[in-house]
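Asker: Fold the following and give me the result.
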Amino acid sequence: MSKLAMCSVTFRDKSVNEIIELARLAQLDGIEWGGDNHVPPSNLKDAEHIGELTREAGLEVVAYGSYYFAGEEMDFTEISDTAKALGTRDIRIWAGKMDRDKEIGEIDQTDFERIVLDIKKVSEVAKEAGQIIHLEFHQWTYTDTLESALKLLERVDCSNVFTYWQPNVHSNHRERLRQVRILNQYISNIHVFHWDEEFERYPLSDGLVSWKEYVDLVKVKSDRYFSLEFVKDDSVEQFIEDANKLRELVRYLNLRHND
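Answerer: Next up is the predicted model:
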């Protein structure tokens, strides 16, 4: 059964309570809490409190959206502990540090192997804590194309490592369909938004036809979250409208899986 959620980074300037209220207003199932503004690592008391507030509001903590960049010799233990305090087993990390000068699809073999090794280490720590790792599918990292993401996931080859998916701006519609089709077994949660190649944001309704084609290719998986991430003009009204459109999309997906 697929569910609806939001990433708290959608509204970085809003407080924790405002984010929770928005998720309730939009009738979502949960929140992926970001590790930059809302739930910084190591502040375990705050993380525990935010987890409790989320559940008291009838929402789920979908994941901890950390800013752990594989290969950068960061401390994963504090990320793992923060996710535990928040009350989620699911942690988003990045496949390398975001490098805006990185040519899309380019693989520096030395850098690549360093990142593979670190993700394997992270996977072991997470496994001992009963946690699951999700790579952000993002330009300027080693999940920027189908080929690099697939090579990375196959090299990592850990049973608790998956990847998110989102329609990155540098790829066209045909490439995105190919990504979903081939990465299917590795795809966990999906970040939902509608942007163009200039990062111009549009209402989700404008991209609904494309999104139906993406979800048509998604295999059945229990507890998959479709999480809204970023809306046009950072507008609350647009967020509610997008949530309603996302609900249509997820309902369509769940009905299709029940056929």
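Asker: for stretch 53-73, how far is the first residue from the last?
Answerer: 32 Å (CA to CA, to the nearest Å).
Asker: So what's the gap between stretch 45-64 and the chain middle?
Answerer: 17 Å (CA atoms, centre = their mean, to the nearest Å).
Asker: ok, now stretch 122-132?
Answerer: With CA atoms, centre = their mean as the basis, stretch 122-132 stands 18 Å off its chain's centre.
Asker: Residue 122: what's its closest spatial neighbour, skipping adjacent residues?
Answerer: Distance criterion CB to CB, 6 or more residues apart in numbering; nearest residue to residue 122, sequence neighbours excluded, is residue 76 at 4.9 Å. In this view, the C-beta of every residue, glycine as well, is placed from N, C-alpha and C.
Asker: my read: that neighbour touches residue 124, true?
Answerer: No: judged on CB atoms under 8 Å, residue 76 makes no contact with residue 124 at a distance of 9.7 Å.
Asker: Tell me which of these two has more neighbours.
Answerer: residue 76 (22 against 12; other CB atoms under 10 Å).
Asker: all helices for the stretch 51-200 of the chain, in order.
Answerer: Assigned by DSSP state H, counting those that start in this stretch, the stretch 51-200 of the chain shows helices spanning 76-86, 109-128, 146-156, 173-183.
Asker: Looking at these, spot the one closest to residue 140.
Answerer: Closest to residue 140 of the helices of the stretch 51-200 of the chain, according to CB to CB: helix 146-156, at 11.4 Å.
Asker: and that closest one, what does it pack onto?
Answerer: Contact here means 3 or more CB pairs under 8 Å, 6 or more residues apart in numbering; DSSP states H and E; on that basis helix 146-156 packs against helix 109-128, strand 132-135, strand 161-165, helix 173-183.
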